[in-house]
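S.K.: here is my input; please provide its structure:
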Amino acid sequence: MDQRDPAGPGPGPGALVGRAGELDDIDGLLTSVAGGAGAAALLEGEAGIGRSALLAALVPGARLVAVEPVLVRVDAGTVPYGPLRQLVAPRADVWPAGPEDAELAALLAASDEPPAPRRIAELVATVALRRGAQHPWALLLDDAHLADASTLDVLTRLAHEAPLPGVLVVLTLRPVPHRPEVQDLVAAWVRAGARNVELRPLSTPAVQTLVERTVGGTPGPVLRGVLATTGGNPRLVGDVLAAAATTGSLSTSDGTVELTGSGWQAELDARVRRHVAYVDASVRTLLTQASVLGTSFVVPDLAALAALDVTTCWRTLRYALAAGLVAARGDRLAFRHDVVRTALYDDLPPEQRRALHARAAWALEAAGAPSHVITGHLERAR
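M.R.: You can find the predicted model right below:
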C-alpha cells in the first residue's frame, strides 16, 4: 500500500516551527535561480514530518525573489503523465507560448498512454529551459514517489539535462524503499548535483512552541508527557491536540493547557493508526507484534515471537526503519514514536494480545532474559 500521507488535523499556525534551517537552505537555491542559475533539491522526511508544509511555504518565498512557483501534489493512481500536465499547463501571463507547447499539450491529452514518450521528454526539457530563460521558475513536486512510471521517466530524463538555467526543481519523497523507477529518479538527480534536505523531528522546545501557538497556552505536565511520545513529529503532535480537543479533554487554567481524563486515548489511537496506514500490511503486522515486547526490542526475539526466521524478519523491519517508525539503538531497535507503539498495541484483540505475551515469555526465556521480564509477560498473558 503506497499512498499520500493520510490527512491529519494539522498543528495550526505554527506548522513551520523549527524549520528555519531548511527554509534558509532552499531559499538560498531560490536566490541563485533568480539570478539565472539552475538548482535542484530532494526534500526527504518521514510521514507527517512536514514536507508538504515546507514546500507550500516556498511558494510566497519564491515570488518574493521573482521566481514563479508551480506546485503540484501527486496522488497515487493518477493517469499517465498526470503531474506533468499540471507542471507544463499554459501560463501566458508569465511564459508566452512557444511552438513546442501545442505539440506537448496534444501528446499529453491522449486519453490512454500517450505515444512517443521520448518526444514528450524532449519537449518537457525544451519547455522547462525556455521558461527558465523567459522568467525564472520553481518546479515543486510533492510526493514524487507516488508519481506514475511515465512521469518518473520524464523527470529522470530531465535530470540528465541539469542544471537547468533559471529553474529550481524540488522533489519531496519519503525515505522508504522505493519502486525501481523512483530509485532511478533519485539516482539521476543526485548525480545531477541535487541538494539533499532532510526534515528531522522537531526539538522539544520547538514542539512546545508549536503547541503554544496552536492552543494558546503553555502545555501542562501531563500534556507534555503525552507530547513526548510523538518523537517530534508535527502531525502526531497535531493528532494529540486534535484528539484531546475532540473529546473535550483539554482544560485551561492561568495560561496552562492540560490534558484531563482518559477519554482522549481511543481517539488518539485511531488517528495514529491512520497515520501509519500507508505502510504495507506485513510491516504493520510485524510492528504490532513488536509492540508487545515494549518500546525497544532485539530482532531475534521479535523473529521468535512472530514465528519468522531472522532474515525474513529483518527484511520486513528494514522498511519500518527506512520509514522512520523504528530506529537503531546500538544492538536493538526502538519505536521512534511511542504513541505509535501504543496505538498498535491497543488495537490488538484481548485474546490475541494474551497469546502474544505468552509467546513473548517463551521467546525471552529461551533467550535468557531476566526472570522479572518473563514474569511480566506471563501476567499479561492471563
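
S.K.: end to end, how far does stretch 168-185 reach?
M.R.: Distance across stretch 168-185, first residue to last, is 16 Å (C-alpha to C-alpha, to the nearest Å).

S.K.: now that stretch: average pLDDT?
M.R.: For stretch 168-185, mean pLDDT is 89.

S.K.: any idea how many residues pack against the residue nearest to L140 when sequence neighbours are not counted?
M.R.: Residue nearest to L140 in three dimensions, not counting chain neighbours: L71, with 4.4 Å by C-beta to C-beta, 6 or more residues apart in numbering. Where you see a C-beta, it was placed from the backbone N, CA and C, and this is true even at glycine. Residue neighbour count, defined by other C-beta atoms under 10 Å, stands at 18 for L71.

S.K.: so is L71 in a helix, a strand, or just coil?
M.R.: Following DSSP: H, G, I helix; E, B strand; the rest coil, the label given to L71 is strand.

S.K.: tell me the pLDDT of it.
M.R.: So L71 comes in at 94 (pLDDT).

S.K.: could you do G8 as well?
M.R.: G8 carries a pLDDT value of 40.

S.K.: and S282, how many residues sit next to it?
M.R.: If you count neighbours by other C-beta under 10 Å, S282 ends up with 12.

S.K.: what does the one 4 residues further on give?
M.R.: Residues lying near L286 (other C-beta under 10 Å) number 22.

S.K.: ok, now which ones touch the residue nearest to L140?
M.R.: When contacts are counted by C-beta atoms under 8 Å, 6 or more residues apart in numbering, L71 is found next to L55, A56, V59, L140, D142.

S.K.: try R315
M.R.: Neighbours of R315 in contact, by C-beta under 8 Å, 6+ apart: none.

S.K.: report pLDDT for the nearest residue to T218 once chain neighbours are set aside.
M.R.: Computed as C-beta to C-beta, 6+ apart, the closest residue to T218 that is not its neighbour in sequence is T256, at 5.3 Å. T256 is assigned 95 on the pLDDT scale.

S.K.: where's the residue nearest to L140 relative to A361, distance?
M.R.: Separation of L71 from A361 (C-beta to C-beta, to the nearest Å) stands at 53 Å.

S.K.: give the contact list for the closest residue to H178 other than its chain neighbours.
M.R.: Among residues not flanking H178 along the chain, H145 sits closest, at 5.6 Å (C-beta to C-beta, 6+ apart). Counting by C-beta under 8 Å, 6+ apart, H145 touches D2, L173, R174, V176, H178, R179, V182.

S.K.: tell me what the helix or strand encompassing S150 is packed against?
M.R.: Using DSSP states H and E, S150 falls within helix 149-159. In this structure, helix 149-159 makes packing contacts with helix 82-87, helix 117-134, helix 180-191, judged by 3 or more C-beta pairs under 8 Å, 6 or more residues apart in numbering; DSSP states H and E.
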